[in-house]
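Trainee: whatever this is, show me its structure:
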Amino acid sequence: MKLTAAIAILSLGLSAVSTPASAALIRGGNNGNDNGQGSGNNGNNGNNGNNGNNGNNGNNEPDGDGVDTSVTPPTAVNDHSPPLPPIDEEDLDPAVDTRATAELLGLSLDDAKLLMEQQEEFSALVAEMETDNLFLQAEMPLEPNGEFVVKYKNGNVPPKRQQGIDNFKSKNKQAEVKTVASKLSLKDAEGRGERLMKKLEQKSFTNVSYSIDGDALELLAKDVPRYGPERQRQGQMKQILDLTIDDPDAEDLTLVLTEFEEEDPTQPLHTYGGRKISGGGYQCTTAFSVMHSSGATGVATAAHCQGMNWYDAIGEADYRTYWQKQHAGSYGDLEWHRTYHTDRAEYYARPSTRWPVRSIASGISKGQVVCGYSRMQGERDCDYVHKTSVSVQYSGWPRMYSLVAMKGMMMVGGDSGGPWSYYDKAFGVVSGGMVICDSSFLGIQWDCYWRDTWSRASLMGPALGVQVLTQ
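Mentor: Below you'll find the model as predicted:
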């Protein structure tokens with residue numbers, strides 16, 4: 001979704017350009033308006049996450065284990081598994097996402113299948129690389145046997161990872177794997193983003209966020225009047241961020257400012273996964289069934305979906321959910337609820353189609369194909385990863401980190417909390433959208449678009465103490 005309001009883009013070494021401008025997804029249940037606001041008490045917010053109480057649900061979680069013991073549960077667990085309504089045989093076909101990938105990328109079905117096999121294999125390698133201190137980023141091609149890229153600080157690839165690369169190349173002889181020596185590690189890049197965001201906040205900029213692409217950093221913020229678009233552009237980014245031209249933090253840096261009067265440049269979008277969950281006049285979507293380390297089960301959604309406590313069931317009456325814990329911080333935008341029903345390792349991938357969950361994605365690369373289900377539109381579609389490390393700040397919420405941004409945006413209000421997946425693999429939980437700009441023609445032309453953002457399903461453990469249920 002391309003932006004339609006004016007924004008200013010500032011980049012050291014580049015002239016600033018005014019270009020058309022650009023959002024977490026909750027849907028108002030009564031009037032259908034997207035206002036990016038939920039209801040309830042946000043609790044104590046901070047960079048390490050929000051584990052506060054949810055005022056609307058009236059639940060408490062005093063001991064920090066993520067399981068609320070204060071509510072009176074139903075007298076028995078309901079073993080409900082309503083039969084699915086009639087569906088097309090095509091919907092049961094695991095190749096549905098492969099066909100969507102072929103259409104997205106303009107590939108034959110055989111080429112799309114080969115690409116996804118290579119991406120799956122490379123993703124397992126990236127999952128191991130993400131634990132390395134010097135790792136920065138991995139990239140995947142959008143066609144089979146293309147160029148796979150691994151970026152490590154100073155090119156220092158650990159021997160055990162190099163062995164993994166060699167094994168991948170041996171199996172995929174026509175593919176190329178390129179190792180790039182970066183200046184930064186992911187830890188370095190995120191540290192730089194944090195430093196510069198704090199500088200902007202100290203000068204009263206709001207909705208401050210960032211996205212990382214290799215050594216490049218794009219900062220996004222809502223402008224303040226004294227730094228309005230009417231000012232002189234020369235040197236202004238250095239002035240705003242208190243940087244010298246030779247400051248390492250100034251390298252490959254872009255600052256995107258939306259006008260003060262415009263809408264926020266980052267916005268949230270408001271038992272099986274993929275169903276409606278509602279409360280307080282708003283609605284969101286569930287992602288996947290989860291299990292807590294205590295053995296308790298439930299469903300996951302987005303943390304900014306405040307006040308949600310009713311699950312929209314099929315084949316039976318809707319029933320209440322019991323909020324347990326939320327995390328809005330280091331590991332993204334996540335929360336979970338108990339249902340006291342039988343929670344199955346399946347999710348709705350389409351309005352009348354449940355698919356199994358058999359694995360959880362971990363390593364995420366730029367260019368990796370992932371599919372999302374927009375419950376509000378009744379549509380499933382695929383896209384590819386644009387940025388693997390994004391931080392956003394929605395109005396009234398602490399900053400959220402470790403999000404993934406897609407190339408485009410297909411989610412709408414009410415889709416927050418829903419599933420991102422690839423057939424039977426759980427990838428993430430819908431958070432919202434943010435503006436990310438791309439430069440072209442030597443950085444002179446800028447295109448700014450809304451991008452879908454989501455929290456990684458693999459981070460539910462450290463965030464909430466739960467894990468996606470798998471078969």
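
Trainee: so what touches stretch 129-143?
Mentor: 105, 107, 111, 115, 118-119, 122, 126, 146-154, 156, 158, 161, 175, 182, 184-187, 189, 212-215, 362-363, 365-368, 384, 388-389 (C-beta atoms under 8 Å, 6 or more residues apart in numbering). For the C-beta atoms, the positions are set from N, CA and C on the backbone; glycine is no exception.

Trainee: quick check: PyMOL command selecting the buried ones in those residues.
Mentor: Buried residues among these (16 or more other C-beta atoms under 10 Å), as a PyMOL selection:
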select buried, resi 105+107+111+115+118+119+122+126+146+148+149+150+151+152+153+158+161+175+182+184+185+186+189+212+213+214+215+362+363+365+366+367+368+384+388+389
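
Trainee: so which of the contacts of stretch 129-143 are in helices?
Mentor: 105, 111, 115, 118-119, 122, 126, 161, 186-187, 189 (DSSP state H).

Trainee: nearest to Y422 among those?
Mentor: Set against Y422, the nearest of those by C-beta to C-beta is Q119 (8.9 Å).

Trainee: quick one: contacts for that closest one?
Mentor: Q119 touches 140, 365, 368-369, counting by C-beta under 8 Å, 6+ apart.

Trainee: what ranges do the helices span in the stretch 151-300 of the chain?
Mentor: Assigned by DSSP state H, counting those that start in this stretch, the stretch 151-300 of the chain shows helices spanning 159-171, 186-202, 236-241.

Trainee: report the rounded mean pLDDT for stretch 446-463.
Mentor: For stretch 446-463, mean pLDDT rounds to 93.

Trainee: before we move on, back to that, farthest pair within the ones in helices among the contacts of stretch 129-143?
Mentor: Most distant of the ones in helices among the contacts of stretch 129-143, by C-beta to C-beta, are D111 and K187, 36.3 Å apart.

Trainee: am I right that C437 sits in a strand?
Mentor: Yes. The assignment for C437 is a strand, going by DSSP: H, G, I helix; E, B strand; the rest coil.

Trainee: return the set of residues that bridge with I360.
Mentor: With DSSP bridges as the criterion, I360 is bridged to A426.

Trainee: related to what we said a few turns ago, JSON lines for the contacts of Q119, including distance to T342 and pLDDT?
Mentor: Output for these, formatted as JSON lines (distance: C-beta to C-beta, whole Å; pLDDT from 0 to 100):
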{"residue": "M140", "distance to T342": "37", "pLDDT": "98"}
{"residue": "S365", "distance to T342": "35", "pLDDT": "98"}
{"residue": "Q368", "distance to T342": "33", "pLDDT": "98"}
{"residue": "V369", "distance to T342": "32", "pLDDT": "98"}
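
Trainee: so of those, which ones are in strands?
Mentor: Of the positions in the contacts of Q119, V369 sit in strands, assigned by DSSP state E.

Trainee: over to H304: give its phi and psi.
Mentor: phi -70, psi 0 (degrees, to the nearest 10).

Trainee: quick one: it and Y394 touch, right?
Mentor: Yes. Judged on C-beta atoms under 8 Å, H304 makes contact with Y394 at a distance of 6.2 Å.

Trainee: these two: which is more packed in?
Mentor: Under the criterion of other C-beta atoms under 10 Å, the comparison of H304 against Y394 puts H304 first, with 31 against 24.

Trainee: confidence score at the more buried one?
Mentor: Reported pLDDT for H304: 93.

Trainee: one more: E262?
Mentor: Confidence score, pLDDT, at E262: 56.

Trainee: burial measure for C448, as a count.
Mentor: Based on other C-beta under 10 Å, the number of other residues close to C448 is 24.

Trainee: what's the spacing between it and D383?
Mentor: According to C-beta to C-beta, to the nearest Å, C448 stands 17 Å off from D383.

Trainee: might one say that R195 is in contact with D247?
Mentor: No. Contact between R195 and D247 fails when scored by C-beta under 8 Å: they sit 10.7 Å apart.

Trainee: just send the helices of the stretch 151-300 of the chain back as a markdown table, with mean pLDDT too.
Mentor: Shown next, in a markdown table, are these (pLDDT from 0 to 100):
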| stretch | mean pLDDT |
| --- | --- |
| helix 159-171 | 97 |
| helix 186-202 | 95 |
| helix 236-241 | 80 |
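
Trainee: what's the closest of those to Y322?
Mentor: helix 186-202 (34.3 Å).

Trainee: run a quick neighbour tally on I245.
Mentor: 10.

Trainee: need the phi and psi values for it.
Mentor: phi -60, psi -30.

Trainee: what's the spacing between it and M116?
Mentor: Distance from I245 to M116, by C-beta to C-beta: 45 Å.

Trainee: same thing with R99?
Mentor: 11 Å.
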